[in-house]
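# generate coordinates for the sequence data below:
(one chain, ligands or ions: 1)
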Amino acid sequence: MRLRATNLGWRAGRQTIVAGVSLEIVPGETFGLIGPNGSGKSTLLRLMAGLAPRPEGAVHLDGIPLNTLSRRDVARAIAFVEQIAETSEALTVRDVVELGRTPWLSALAPFGPQDTAIVDEALRVVGLTAMGRRRWSTLSGGERQRVQIARALAQRPRLLMLDEPTNHLDIHHQLSLLRLVSRLPVTVVMALHDLNQAMGCDRLAVMEGGRLAACGPPAEVLTPARLADIFRVRATALLDPADATTHFRFRCLED
Ligand SMILES: Nc1ncnc2c1ncn2[C@@H]1O[C@H](COP(=O)(O)OP(=O)(O)OP(=O)(O)O)[C@@H](O)[C@H]1O
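Residues are numbered from 1 along each chain as shown. Reported below is the predicted structural model:
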């Protein structure tokens, strides 16, 4: 799915949180959103998903203005995994994942065997098949994160948006989540803090003070000068001989 954002902005009262962001996400790519704390990544994601009230600018999905689509049509196209998901404590893991099917259900198309198979598959992909009956309230932070990702996958979206999806996950689950996401047959947009993990995206956008500071392939965007200027770190690029990929080692500029 192609998403075009034109001059997107958002204010909280008199404070400008995001301003003048224009970018295009192309079908099939994994697009990373990076930037220091408070630079506007979550707000921009919410704007692109049509979840922010009183947005400025426009979003088009495959050429159609987002604000002309029904909530149901948007939910069939975009799944959003927020940093802190609101979920009723009384639900089981399976109940939460089944919620992902909601945009596809109606009186004429109630929950059926195909939905069950999609939910089973989503649970399998995140490694939670055995935990379907567990109550949400009893899960660890990392388990909750994986359940939310399974819910998003069960939605069968064409565009998956993830806000810091590796939060709460141990290193194995971080890497397997990123591998999973990069292999999904959907367009992915995700906010990330780990710049080495961000190097695995097809393209990156850098936010700074609510504005888009740069956008392009990771190697072009993450230059030593930009890392110093925006992230206030000195970066040393190291080549991993195992697979000839570049990794950064960071030092605080103040050191
Ligand atoms: N509803 C709101 N009212 C007032 N200020 C807000 C609101 N939502 C966000 N902000 C402010 O806007 C700025 C950007 O927030 P946002 O969550 O988009 O940043 P972020 O880049 O995702 O940050 P982080 O990396 O810390 O998650 C922050 O300073 C935040 O406090």
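
# tell me the secondary structure at E98.
Classification of E98 by DSSP: H, G, I helix; E, B strand; the rest coil places it in helix.

# ugh, wrong one, I meant M161
Criterion first, three-state DSSP; result for M161: strand.

# same question, V18
The local conformation at V18, judged by three-state DSSP, is strand.

# could you list the low-pLDDT ranges of the protein?
255 (pLDDT under 70).

# what residues go with each domain of it?
Per the record, the chain has its domains at 3-92+154-222, 231-255, by automatic domain parsing.

# next, the distance between the ends of the longest one.
Using Cα to Cα, to the nearest Å, one end of domain 3-92+154-222 lies 23 Å from the other.

# how about the contacts made by V21?
A5, N7, L8, G9, L44, L47, G57, R211, L212 (Cβ atoms under 8 Å, 6 or more residues apart in numbering). Backbone N, C-alpha and C define where each C-beta goes, glycine included.

# what is the host helix or strand of the first one packed up against?
Taking DSSP states H and E as the definition, one finds A5 inside strand 3-12. In terms of contacts (3 or more Cβ pairs under 8 Å, 6 or more residues apart in numbering; DSSP states H and E), strand 3-12 is packed against strand 15-25, helix 41-48, strand 56-61.

# Serialize the ones you listed to CSV and add fields for distance to the ligand.
Putting those into CSV (distance: least, Cβ to the nearest ligand atom, whole Å) gives the following:
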stretch, distance to the ligand
strand 15-25, 4
helix 41-48, 3
strand 56-61, 14
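
# most tightly packed of these?
Counting by mean count of other Cβ atoms under 10 Å, helix 41-48 has the highest mean neighbour count of the helices and strands packed on strand 3-12, with a mean of 23.

# what is that helix packed up against?
Taking 3+ Cβ pairs under 8 Å, 6+ apart as the contact cut, helix 41-48 packs with strand 3-12, strand 15-25, strand 30-34, strand 56-61, strand 159-163, strand 187-191.

# sheet partners, orientation included, of the strand holding A5?
strand 15-25 (antiparallel), strand 56-61 (antiparallel) (DSSP bridges).

# looking at those strands, which is closest to H193?
Closest to H193 of those, according to Cβ to Cβ: strand 15-25, at 18.0 Å.
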